[in-house]
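> need the 3D shape of this:
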Amino acid sequence: MLTKSDSATPRELVFPHSGPPPAGTVMEVAPGILWTRIALPFRLDHVNIYLIDDGDGWAVLDTGISNTATRETWDALVAGPLAGRRLTRLIVSHFHPDHIGLAGWLCERHDMPLLTSQTGYLGCINISLSPNRMAEKTYQDFYRRHGMSDEVAKLVATQGNGYLRMVSALPDTFRRLVAGDTLTIGGRRFEVLSGDGHAPEQLMLYLREENVLLASDQVLAKITPNVSVWAVEPDGDPLGLYLRSLGQLSATIPEGAFVLPGHQLPFYGLQTRCAELAAHHHERCEMIARACKQGSKSVADLVPVIFPRPLDPHQLSFAFSEVHAHVNYMVGRGEIAWEAPHADEMKVRLAA
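All right, here's what the predicted structure looks like:
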């Protein structure tokens, strides 16, 4: 690991580790914090899991999805590199299945409590454990109204959200974590932070004395976290919330922080990366504005503008919803405006 003086205010991201720990192993990535990876059956093929020294055991941050392979991976970790010390508690950053999917199974198997945000707990129950709702006519009509064909709307609303089923039943109770809380783990005080945009009330842990930030998916080194409008909140502004959160995070965390993200490699350069992410989203807004100069566009029309490569249903559901997030953000800023050429069709045009 770099020292604080080595890592202060890097203009480019600095990666102290050239690669992740090999499958089925753990690596001490910071004092008293272990890093392991669990495979995912998606284009983004892994999730980072962190274990924090908690005295006689390890506090766990995030879980992986609920499937046989993930359960076998956890059993092998507990029997192998983690043998001899118990799992003390499970902290879940947010309700996406790759982070909360195995929470119920892990908590029951290791008799440990679940700590997460209220939004994460209730959001998982409401959405992830009721995935068939996404195939209802109301939600398919949302996709159709914004330019999808009937066939594609049905495909995205059903196959595209299959990942929501990759969640085990949550424990009946949980401990709520709220931004501003202090969580003591193994005698060290972790500040609880919250971000928005990628997931409502996404939790992060900050160890101020050592300037280490467990950032979950709020800031990733080489990819942009998905920021999406979903049919249950069609007028939401997650991109506005995400950009606001990036600004707050960049201003709150001192320079030189070591960032432990939910995917890809740990890095130094938080402020640099926050600025890059904000610039990326503003560039996408400019692409949408240029496309609208050629005439009114539906959200579906704008998907290939931002995502020109072929997309499977899972990818298309995220791409459509992310484009919609940029559209809603731009509408809110008065840059483009909605129009309804027909009662069941919505498009955007450049604002007058």
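
> identify the residues contacting the closest residue to D344 other than its chain neighbours.
Among residues not flanking D344 along the chain, R145 sits closest, at 5.9 Å (Cβ to Cβ, 6 or more residues apart in numbering). In this view, the C-beta of every residue, glycine as well, is placed from N, C-alpha and C. Listed by Cβ atoms under 8 Å, 6 or more residues apart in numbering, the contact partners of R145 are 344-346.

> cool, and H263?
H263 touches 44, 46-48, 217, 220, 223, counting by Cβ under 8 Å, 6+ apart.

> save those residues as a markdown table, and put in distance to F190 and secondary structure too.
Below are these laid out as a markdown table (distance: Cβ to Cβ, whole Å; DSSP: H, G, I helix; E, B strand; the rest coil):
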| residue | distance to F190 | secondary structure |
| --- | --- | --- |
| L44 | 26 | coil |
| H46 | 24 | strand |
| V47 | 20 | strand |
| N48 | 17 | strand |
| D217 | 18 | coil |
| L220 | 20 | coil |
| I223 | 25 | coil |
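
> neighbour-wise, which of the residues you listed leads?
Within those, N48 tops the neighbour count with 27 neighbours, counted by other Cβ atoms under 10 Å.

> correct me if wrong: that residue contacts P261.
Yes: contact criterion Cβ atoms under 8 Å: N48 and P261 qualify, at 6.5 Å.

> quick one, strands of the stretch 201-350 of the chain?
202-207, 212-216, 258-261, 267-268, 336-342, 345-350 (DSSP state E, counting those that start in this stretch).

> would you single out the least confident of those?
The weakest mean pLDDT among the strands of the stretch 201-350 of the chain belongs to strand 336-342, with a mean of 90.

> and it, what does it pack onto?
In terms of contacts (3 or more Cβ pairs under 8 Å, 6 or more residues apart in numbering; DSSP states H and E), strand 336-342 is packed against helix 270-292, helix 313-332, strand 345-350.

> show me what contacts the closest residue to Y206 other than its chain neighbours?
Take Y206 and drop its neighbours on the chain: the residue closest to it by Cβ to Cβ, 6+ apart is E191, 4.4 Å away. Shown in contact with E191 (Cβ under 8 Å, 6+ apart): 181-183, 205-208.

> just the CA atoms of the strand or helix carrying E191, as PDB, please.
For E191, the element it lies in under DSSP states H and E is strand 188-195. C-alpha atoms of strand 188-195 as PDB (Å, rounded to 0.1, in the frame of the first residue of the first chain):
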ATOM      1  CA  ARG A 188     -12.000   1.000  15.300                       C
ATOM      2  CA  ARG A 189     -14.600   3.600  14.600                       C
ATOM      3  CA  PHE A 190     -16.100   3.600  11.100                       C
ATOM      4  CA  GLU A 191     -18.200   6.600  10.000                       C
ATOM      5  CA  VAL A 192     -21.300   5.600   8.100                       C
ATOM      6  CA  LEU A 193     -21.800   7.600   4.900                       C
ATOM      7  CA  SER A 194     -24.600   7.400   2.400                       C
ATOM      8  CA  GLY A 195     -24.800   8.000  -1.300                       C
END
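
> to the chain's geometric centre, what's the distance from it?
Chain-centre distance of strand 188-195: 17 Å, with Cα atoms, centre = their mean, to the nearest Å.

> buried sites along that strand?
Judged by neighbour count (16 or more other Cβ atoms under 10 Å), strand 188-195 contains these buried residues: 188, 190-195.

> if we can go back for a sec, which stretch among the strands of the stretch 201-350 of the chain comes nearest V156?
strand 345-350 (16.6 Å; Cβ to Cβ).

> pull out the buried residues from the closest one.
346-348, 350.

> so where is the stretch 1-150 of the chain shaky, pLDDT-wise?
1-10, 127-132, 134 (pLDDT under 70).

> at 80 what do you get?
Along the stretch 1-150 of the chain, the parts satisfying pLDDT under 80 run over 1-11, 126-135.

> all strands of it, in order?
Counting by DSSP E, counting those that start in this stretch, the strands of the stretch 1-150 of the chain are 27-30, 33-39, 46-53, 57-61, 86-91, 114-116.

> what is the shortest one packed up against?
Identification of packing neighbours for strand 114-116 by 3+ Cβ pairs under 8 Å, 6+ apart yields strand 86-91, helix 103-110, strand 175-176.

> excluding its backbone neighbours, what's nearest A179?
S194 (3.6 Å).

> tell me the contacts of that neighbour?
With contact taken as Cβ under 8 Å, 6+ apart, S194 is in contact with 117, 178-179, 201-204.

> now with 7 Å, please.
179, 201-203 (Cβ atoms under 7 Å, 6 or more residues apart in numbering).

> list just the nearest of those residues to L122.
E201 (10.0 Å).

> now do the closest residue to F307 other than its chain neighbours against V229, distance only.
Nearest residue to F307 in three dimensions, chain neighbours excluded: A319, at 4.4 Å (Cβ to Cβ, 6+ apart). In this view, A319 and V229 are 12 Å apart by Cβ to Cβ, to the nearest Å.
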